[in-house]
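Undergrad: next input, structure requested:
(one chain, ligands or ions: 1)
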Amino acid sequence: MTTLGTSNLDIFPLNLGGNTFGWTSDEATSHAVLDAFVEGGGNFVDSADVYSVWAEGNSGGESEAIISSWLAKGVRERLVVATKVSQHPDFPGLSAQNISAAADASLERLGTDYIDLYYAHQYDENTPIIESAAAFDNLVRAGKIRHIGLSNFPAEKIDEWFAVAHAQGFAAPVALQPAYNLVAREEYETKLADVAARHDLAVLPYFSLASGLLTGKYRSAADLEGKARGHMAGSFLNDRSLGIVEALVSLADGLKVEPATVALAWLRGRDNILAPIASARNIEQLPALMASATLELNDEELRVLNTASEPVSVS
Ligand SMILES: NC(=O)c1ccc[n+]([C@@H]2O[C@H](COP(=O)([O-])OP(=O)(O)OC[C@H]3O[C@@H](n4cnc5c(N)ncnc54)[C@H](OP(=O)(O)O)[C@@H]3O)[C@@H](O)[C@H]2O)c1
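TA: Below you'll find the model as predicted:
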């Protein structure tokens, strides 16, 4: 276990992603994945009020509802539950009124009195940071959320949130959730790593497996056809990323582990990264993710991966 930044939360160094729940995993399968995660020592689950509105027949909140029916088994106090506000169709943006209403809706869907880590899901250019920061602080003071996280915020807006929090005496964020993985390093490493370090933010990256590409199962556009995550995984697929996957698979074969295990272990070892977020569609996919929590890559293995995935510049 490891402590989440400046919070008092102890977490397993793999954060289970919840956007499969109610999308690519039905309720029974989601519960089986959650059971296996906890049996393997896991305690940290990531969701959002918007998950998984994009799936046919869904309206948002399905992931939280599935987590709720599983929490009803009585494991709440052992769990660290993260969810997010700003993208649910009924609760868009980060206005104070919306944050308050969305938090109440999430609490009700989750069937819990408190959210351990509540994220602003995306920077909202229409709301002054001071308004959002005050609304999150109110939730902390009311005991509805324990800690604050930021996701998909530009570096300067993270700095601004901290400046406001310090000036006003508001509770400050403890976690940052950016997209970051072996094939997409530039954005985090060049724009966000410094600000995370400056504010002691625990970094919990999403798309840790590049939507499945870093499991080694997609080697061409044809492999993506008909796959639920085909569109997202396809956005990572190019000649450069296939070279990285080749290096990853060869290293994993030598270590007799899954490529996903190596990709997540690499990520966990990067500066300020506390726990990668990754999701499993079923219990068969989970062991490769869990194994990453204890895999330590040696200097030579890191050198191979770092060289293969050397960032290219971003504008
Ligand atoms: N803050 C944000 O804006 C944001 C955005 C996106 C996601 N997230 C969070 O991050 C979590 C993870 O993101 P993600 O699920 O989109 O991407 P990901 O973790 O990069 O990819 C996970 C997907 O890879 C496949 N997979 C996992 N283990 C596998 C294995 N052992 N063998 C073969 N395939 C395997 C599964 O999809 P298939 O079986 O369908 O291939 C799984 O759902 C989400 O659940 C969510 O909690 C946050």
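Undergrad: what's the pLDDT at the residue in the chain positioned nearest to the ligand?
TA: When distances are taken as CB to the nearest ligand atom, the chain reaches nearest to the ligand at residue 17, 2.3 Å away. Glycine gets a C-beta too; all of them are placed from N, C-alpha and C. Looking at residue 17, its pLDDT is 98.
Undergrad: same deal with the one 5 residues further on?
TA: The predicted local distance difference test score for residue 22 is 97.
Undergrad: could you pull out the helices for the stretch 201-315 of the chain?
TA: Secondary structure of the stretch 201-315 of the chain (DSSP state H, counting those that start in this stretch): helices located at 221-224, 230-235, 239-255, 259-268, 286-290, 299-308.
Undergrad: tell me which of those is the most buried.
TA: Most buried of the helices of the stretch 201-315 of the chain, by mean neighbour count (mean count of other CB atoms under 10 Å): helix 259-268, with a mean of 26.
Undergrad: residues from the stretch 51-200 of the chain in reach of the ligand?
TA: Those residues of the stretch 51-200 of the chain that sit near the ligand, judged by CB under 6 Å from any ligand atom, are 151-152, 177.
Undergrad: so which residues of the protein form strands?
TA: Counting by DSSP state E, the chain has strands at residues 2-3, 10-11, 15-17, 44-46, 80-85, 87-88, 91-92, 115-120, 145-151, 175-177, 202-203, 277-278.
Undergrad: residue 181 bridge partners, please.
TA: Here residue 181 sits in beta bridges with residue 184, going by DSSP bridges.
Undergrad: neighbours of it, how many?
TA: Per other CB atoms under 10 Å, the neighbour tally for residue 181 reads 26.
Undergrad: got it, and residue 200?
TA: When neighbours are counted by other CB under 10 Å, residue 200 registers 12.
Undergrad: what do you get for residue 6?
TA: 14.
Undergrad: what is the nearest of the residues of the stretch 51-200 of the chain next to the ligand to residue 34?
TA: Distances from residue 34 to those, taken as CB to CB, are shortest for residue 177 (19.8 Å).
Undergrad: circling back: could I get the helices of the stretch 201-315 of the chain as JSON lines with mean pLDDT and distance to residue 187?
TA: Listed next are these as JSON lines, based on pLDDT from 0 to 100; distance: least, CB to CB, whole Å:
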{"stretch": "helix 221-224", "mean pLDDT": "90", "distance to residue 187": "23"}
{"stretch": "helix 230-235", "mean pLDDT": "89", "distance to residue 187": "13"}
{"stretch": "helix 239-255", "mean pLDDT": "96", "distance to residue 187": "15"}
{"stretch": "helix 259-268", "mean pLDDT": "98", "distance to residue 187": "14"}
{"stretch": "helix 286-290", "mean pLDDT": "98", "distance to residue 187": "23"}
{"stretch": "helix 299-308", "mean pLDDT": "96", "distance to residue 187": "17"}
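Undergrad: next, format those as TSV and append distance to residue 30.
TA: Listed next are these as TSV, based on distance: least, CB to CB, whole Å:
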stretch	distance to residue 30
helix 221-224	24
helix 230-235	19
helix 239-255	27
helix 259-268	19
helix 286-290	12
helix 299-308	31
